[in-house]
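Participant: quick one, what's the 3D model for this:
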Amino acid sequence: MNKNKIFAYFLFSLFLCISASAQIKIKDTKVGFGWSNNSVNTVKFRKNALITYKKHQFIAYYNENSFLTLGKRKINAKNWETNTTNYKGNTKDAHNDISIAVDNDGYLHVSWDHHNTTLNYAKSITPLSLKLSDKMAMTGKEENRVTYPEFYNLPDGNLLFFYRSGVSGKGNMVINSYNSKSKKWTQIQHNLIDGEEARSAYWQACIDSKGTIHVSWVWRETWDVFTNHDLCYARSKDGGKTWEKSTGEKYQLPITALTAEYAWKIPQKSSLINQTAMTTDKNGNPFIVTYWSENKTPQYQIVYLKDGNWSKINTGFRKIPFNLGGGGTKRIPISRPEILINDKYETPLIYILFRDEERGNKVSLAYNDLHNNKSWKIKDLTDFSIGQWEPNYDISLWKNKKRLDIFLQKVTQIDGEGIAKEPSSMVSVLQLKTLPK
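Facilitator: Below is the predicted model:
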């Protein structure tokens, strides 16, 4: 390790120690140095960067030489075991993220390096192993033009794999299902949401405690993010085979712009971002977080289902305006957000995890009482800039233990797929031992 890296990590650890002395107790563990010349390791649409199976937590990232690197630890351990695989990604394109999941038998599944390219997929050779098999197909169908691979865990231990087949503005949504007993993938949807060769759906999804799959999406008419519009919704109660609206009305598949349920109408040219996050409360009501502008200043907005009707919360705490437009991976003043609900209290709390230039590009957590109209409180979790980082947290650990572990790396994103000239930076995991309330 050279002197610059040692000094960089010294500063990184110092800043985290300062943060840990604040009201929120924070613990961090370093993993290894990662590629940081764009945001490929920290893009919001990673599902997942970090995941827990029983007593082990797994992580994935591209190292400083662009090799896919895997790590694991016992969930309370300080040290990580890592393995640099033989697989290399085109890290110059920030779309080419890594997504991981662990199935019911402890096998690690990994997909990486996609932007309208042939499927890259492998799984661990044995349960809990960091050594991967050779590349393999899933179903052999719709696997030549893959973008945005995302794994999701079902409560029964099986997996789902979502991806886009096709290019921006002309892409369709594919869903594969993995059975842990047969160890085989089947394709259950080859075109769930159809852009009709005129637009693409950019989605986010979550699975609630009963196994219901919730999907929401914005439409984009062209390659230009400026043409994002509207927020739509669908759910499945049978593992993705059939789909319905929030009213229970069955969809005739594929879902199109004409037949979709519109949770919230948002016009084009609203600085509406795509591929954000959603969650559910304990009753299975969906909560979708994104941002768009209703005047000149984009604000984090929450669209949620309450008593069968769609409602909206405008957090309203941002001050600095900007306009979102253009193609490629953007350098944006704020990150796409994550959303969490802690409903173990009598009055549930809602959290938004984000990064904002007007707060110094720190890791920040906004929170509020779900049932009140109080002003949002914000707590910065770091005392230093993390560049153009976007949030990714351990979803399974939060669901099971309400413990928030966050994937962290300082990265630089040049607008429109530009590449910075920065030294590699430390990949770390922030563990919030207490949460504000």
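Participant: residue 136 and residue 48, how far apart?
Facilitator: The spacing between residue 136 and residue 48, counted by CB to CB, to the nearest Å, is 20 Å. Every C-beta, even on glycine, is put in place using the N, C-alpha and C of the backbone.
Participant: same question for residue 87.
Facilitator: 18 Å.
Participant: out of these two, which sits in the busier spot?
Facilitator: The residue with more neighbours, out of residue 87 and residue 48 and counting by other CB atoms under 10 Å, is residue 48; that gives 24 against 19.
Participant: correct me if wrong: that one contacts residue 102.
Facilitator: No - with the criterion set as CB atoms under 8 Å, residue 48 and residue 102 do not qualify as a contacting pair; they are 9.3 Å apart.
Participant: where does the stretch 151-300 of the chain dip in pLDDT?
Facilitator: Screening the stretch 151-300 of the chain residue by residue with the criterion pLDDT under 70, one finds the ranges 169.
Participant: try it again with 90
Facilitator: Using pLDDT under 90 as the threshold, the predicted model of the stretch 151-300 of the chain has low-confidence ranges 165-172, 195-200, 222-224, 295-296.
Participant: what ranges do the strands span in it?
Facilitator: In the stretch 151-300 of the chain, strands defined by DSSP state E, counting those that start in this stretch lie at 159-167, 170-179, 184-189, 200-207, 213-220, 228-236, 261-264, 277-280, 286-293, 298-306, listed in chain order.
Participant: want to throw those into CSV with distance to residue 143?
Facilitator: Putting the strands of the stretch 151-300 of the chain into CSV (distance: least, CB to CB, whole Å) gives the following:
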stretch, distance to residue 143
strand 159-167, 8
strand 170-179, 9
strand 184-189, 10
strand 200-207, 18
strand 213-220, 21
strand 228-236, 22
strand 261-264, 29
strand 277-280, 26
strand 286-293, 29
strand 298-306, 33
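Participant: columns distance to residue 410 and mean neighbour count on top of those, output as JSON lines?
Facilitator: Conversion of the strands of the stretch 151-300 of the chain to JSON lines gives the following (distance: least, CB to CB, whole Å; neighbours: other CB atoms under 10 Å):
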{"stretch": "strand 159-167", "distance to residue 410": "28", "mean neighbour count": "21"}
{"stretch": "strand 170-179", "distance to residue 410": "31", "mean neighbour count": "22"}
{"stretch": "strand 184-189", "distance to residue 410": "36", "mean neighbour count": "16"}
{"stretch": "strand 200-207", "distance to residue 410": "25", "mean neighbour count": "24"}
{"stretch": "strand 213-220", "distance to residue 410": "29", "mean neighbour count": "24"}
{"stretch": "strand 228-236", "distance to residue 410": "28", "mean neighbour count": "23"}
{"stretch": "strand 261-264", "distance to residue 410": "34", "mean neighbour count": "18"}
{"stretch": "strand 277-280", "distance to residue 410": "21", "mean neighbour count": "23"}
{"stretch": "strand 286-293", "distance to residue 410": "22", "mean neighbour count": "24"}
{"stretch": "strand 298-306", "distance to residue 410": "22", "mean neighbour count": "21"}
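Participant: between the ones you listed, which one is nearest to residue 401?
Facilitator: Smallest distance to residue 401 across those (CB to CB): 15.7 Å, for strand 277-280.
Participant: same for that closest one, what does it pack against?
Facilitator: In terms of contacts (3 or more CB pairs under 8 Å, 6 or more residues apart in numbering; DSSP states H and E), strand 277-280 is packed against strand 200-207, strand 213-220, strand 286-293, strand 338-342.
Participant: okay if I get these as a markdown table plus distance to residue 304?
Facilitator: Converted to a markdown table, the helices and strands packed on strand 277-280 look like this (distance: least, CB to CB, whole Å):
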| stretch | distance to residue 304 |
| --- | --- |
| strand 200-207 | 12 |
| strand 213-220 | 11 |
| strand 286-293 | 4 |
| strand 338-342 | 9 |
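Participant: out of those strands, nearest to residue 107?
Facilitator: Smallest distance to residue 107 across the helices and strands packed on strand 277-280 (CB to CB): 18.9 Å, for strand 200-207.
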